[in-house]
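> coordinates only, sequence not included:
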Ligand SMILES: [Fe+2]
Ligand SMILES: [Fe+2]
Ligand SMILES: [Fe+2]
Ligand SMILES: [Fe+2]
Ligand SMILES: [Fe+2]
Ligand SMILES: [Fe+2]
Ligand SMILES: [Fe+2]
Ligand SMILES: [Fe+2]
């Protein structure tokens, strides 16, 4: 089975590159299931129902979020109605929406997508490791599930690598998000789980993590609140991760970065 | 001019890969100047005089450090005597050692190496942006200096990207360190400065940021202090950045990752 | 019913003042139940079996801890055997020891002592508010319990005040610990719960939070690791909180600070 | 010489208690110089020119701020014109306003007021210890200055106590602010400097650090952004610190809390 994960989509230019290129990527790489991180797709802060619809229409099967899940006011009620939209599973009990979802692909495969949020240098949610354990107790990879994806939305590389090894052999892939910079450490861990510390953002890399650079630089140097953060508007790079699994075991046989457009070096997996 | 920067060397396996491969890399890529981040080279914590000597003997021209600069007791006095060893420039006034150094290459070129430490999610040092400004006031790129390298040792991708743009057009390259994971965002910024958010570590990637994975996973899941952190001992990957500059301007004409050995995909720049 | 809570005991001088003065305080104030925070009693870091025994012998009924609960190696196994020793309830499931305990006083009253740890500026444990809710679901104040004490061990005053109001009317008292400085905000909240943001430490106030001041000042100004933290050895001030409740409702009728010895102004509640 | 320092004034109810009671306090305690922390006086966030005027009219000689210094847009230009208004001295060079000011009292005494901001758990500014040292180099206590006041606006009790000892013998008083809870640790340090870790807020203590309690509790328990923070509107307690010095040396002879109104126990120094 072949999965594509696209990292945090930032603002209009990030949306544009994902909406335009998704059909081509699906076709060229023979993607069975595509996941997009949409937590920054609405002007950098959260997501709207309309943006969700646009992603679904162009080939996205599942949208994940992160610490910006609830930035847009109307999303709370919408989230209850959209079963393909996932926020971190380790929000407190009673939080609107869901932290994992199970899908059937067109080819009849069963995939569980899980998102958890890291706690190092971030808002303290519930234990992401315990949350993953509880969700993995619902069924085994290679038996109930043909593919299990864990998105660890976090700041610290240590916590993300620990999550990779914690899940190794039990899930198909652990991918990181939130840092808005793709990492070059794609590997299959010893137990058979595909891993990359961060997918990177789908956004303009002539920026500060996708935002127009002037205001962030001003805040770092002047320390006085001032203007607002707005997404950078230059051509975006789509940054994603391609994972291929063995149908019998659900474990990974390949993991490779995908990078298209914008300022970063183009990168297509050989298929 | 051609420069190689090798990311944080972690423990024995990290040292081994750097000491063994450095001569080959210098030869193959025609390196004029090689910088190594040694802040984790002594069992993961700091560096010793003996390790410095080993790096210098095998082709390293300059060693930079980071938040672990002073982990080894004897380094404080040694640091005063070694002008090729650099710790972050934004330590408080009166801190032993130096935060920048100027070198002459064999070909007679002048290079300034600067290290600063980020402050987001890290110990609060002095302003790294102001520190860079003060050091850049000592002379211009393309005039006094043929190459200026800025190493931003930091946690947050936002602060590192802000530093890149802050220096853009004024230095040859801004490279990040500290996260122990290489990023895949090498680019030449609009003003001509080479940039990569993090060089990654030279260490065993079957680990948690270079450390044997058992203890970090235990701490993330159990929250009780216990065993010690020790470097992972498997084959290390050397992770570096190659930068080539225009001799007239000192600005970058090329930036590309270097990855050799261990678990990550091998990567050589075309030269 | 009358309860005494003594804040974080730091090192030998902190132990001395508590062991010496406890009998006198119990007598003079007619204390029914005495709780001591022992998380820094063993040279500033954790507690030992021997120190627990000394507290119990001199009139302490219950010992609570905090983020330093597990600093001493042998405490993990001992904790399983001592039902009067409590560590924060919001450690992950499976953590040795207990986060709450129920006691019978000599007069036949039932008291539940709960400790939780804050998460703002601290290691991220499970949700302290949810943990308190679960424990309060075991029985009602004024019915099953004659007294319920909640110790919120935390850094941020906002989180501690929020916990006070969250529990208001449902417990007899919410007291804070961890900051090592007594606060002067003792009050009975609108719902009848006694509240004080921090009890303060039992330790030498000619110090930096109980530690000999030289090394902490050195670290704040020089930013290089160096010497060790050791408890200050001057005369300690016992800092505690006195709470009196209505026997019918379990709600507070009085809350007042207790301060004895050392450098701070002496303070005895009128009884 | 007798000085009064009033802690962070929060919103309308905080302003009311300070404006109403200041003349009475000055009279009763024979205050020579009154300082008010106004960083939360404008609806909890920053201060305005109009509020400054009201404080000055009712007996305030100097206003200090903190991390909320620049929350109100128009304050930046106003700050340049008001020499009695002080923001932390360790903002970066070039920040509008000033970090210290020298005043003549009606009786002809010279007083220097310094504010610095802590860096532990706060935005990283320049070194507050070095900033104090630079300002103290302008003249000696007991010679050029009859009184030197240092306000350390910070979160961590350790950093504030370290600042106290760092200044001990060189200034008349070190008072803390920012936590919005008064501490009960007023003392004269061994070298003769008056010290209290936090003055507490002038605000409604039936609140979460002065804010209406509903929204903060919701955020702690639900972790979803939602409503806005607004100041609590109940009767406020004025929380201040009274310091008396020896006219010959400028060192402290007395330090005592002042608490008036609202929910906390009233407290007047004996004079
Ligand atoms: Fe994001
Ligand atoms: Fe995020
Ligand atoms: Fe490192
Ligand atoms: Fe580091
Ligand atoms: Fe403590
Ligand atoms: Fe503590
Ligand atoms: Fe404040
Ligand atoms: Fe503040």
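Arrived safely. Because the structure is predicted, anything quoted here is derived from the model rather than measured. Numbers count the residues shown, from 1 in each chain, chains lettered A, B, ... in the order given. Ligands and ions are numbered 1, 2, ... in the order given.
> quick one, what contacts the residue of chain A found nearest ligand 5?
Here the residue of chain A nearest ligand 5 is residue A:124; by CB to the ion that distance is 19.5 Å. Where you see a C-beta, it was placed from the backbone N, CA and C, and this is true even at glycine. Residues near residue A:124 by CB atoms under 8 Å, 6 or more residues apart in numbering or on different chains: C:119-120, C:124-125.
> try 6 Å this time
Counting by CB atoms under 6 Å, 6 or more residues apart in numbering or on different chains, residue A:124 touches C:119, C:124.
> Same check on the one 3 residues further on?
With contacts taken as CB under 6 Å, 6+ apart, residue A:127 has the following neighbours: residue C:92.
> before we move on, the earlier item: ramachandran coordinates for the residue of chain A closest to ligand 5?
Reported as degrees, to the nearest 10, the phi and psi values for residue A:124 are phi -80, psi 100.
> What's the per-residue pLDDT of it here?
Residue A:124 is assigned 94 on the pLDDT scale.
> Quickly note the distance from it to ligand 2.
15 Å (CB to the ion, to the nearest Å).
> Also residue A:153?
Per CB to the ion, residue A:153 is found 6 Å from ligand 2.
> Can you report how many residues lie near that residue?
Applying other CB atoms under 10 Å in any protein chain shown, we find 29 residues neighbouring residue A:153.
> wait, what's in contact with the residue lying closest to it once chain neighbours are set aside?
Spatially, and ignoring its direct neighbours in sequence, residue A:153 is nearest to residue A:66 (4.0 Å; CB to CB, 6 or more residues apart in numbering or on different chains). Neighbour list for residue A:66: A:39, A:153, A:178 [criterion: CB under 6 Å, 6+ apart].
> So which of the residues you listed belong to strands?
Cross-referencing these against strands under DSSP state E gives residue A:153.
> I'd like the contacts of residue A:66 laid out as JSON lines, including pLDDT and distance to residue D:189.
Shown next, in JSON lines, are those (pLDDT from 0 to 100; distance: CB to CB, whole Å):
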{"residue": "A:39", "pLDDT": "98", "distance to residue D:189": "49"}
{"residue": "A:153", "pLDDT": "98", "distance to residue D:189": "47"}
{"residue": "A:178", "pLDDT": "98", "distance to residue D:189": "45"}
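> got the contact list for the residue in the stretch 101-250 of chain A that ligand 3 sits nearest to?
For the stretch 101-250 of chain A and ligand 3, the shortest gap (CB to the ion) falls at residue A:157, measuring 10.3 Å. Contact analysis of residue A:157 by CB under 6 Å, 6+ apart lists A:197, B:179-181, B:209.
> Closest one to residue A:100 out of the residues you listed, please.
residue A:197 (21.2 Å; CB to CB).
> if you look at the host helix or strand of residue A:166, does any of it touch ligand 4?
Element membership of residue A:166, judged by DSSP states H and E, is helix A:157-167. No - Helix A:157-167 lies out of reach of ligand 4 by CB under 5 Å from the ion, never closer than 10.9 Å.
> how close does residue A:174 get to residue A:194?
Distance, residue A:174 to residue A:194, using CB to CB, to the nearest Å: 7 Å.
> Hmm, I typed the wrong one, I wanted residue A:120.
23 Å.
> Compare neighbour counts for those two and give me the winner.
residue A:194 (29 against 18).
> My guess is that one contacts residue A:245. True?
No - using CB atoms under 6 Å, residue A:194 makes no contact with residue A:245, being 7.9 Å away.
> I'm done for today, thanks for sticking with me.
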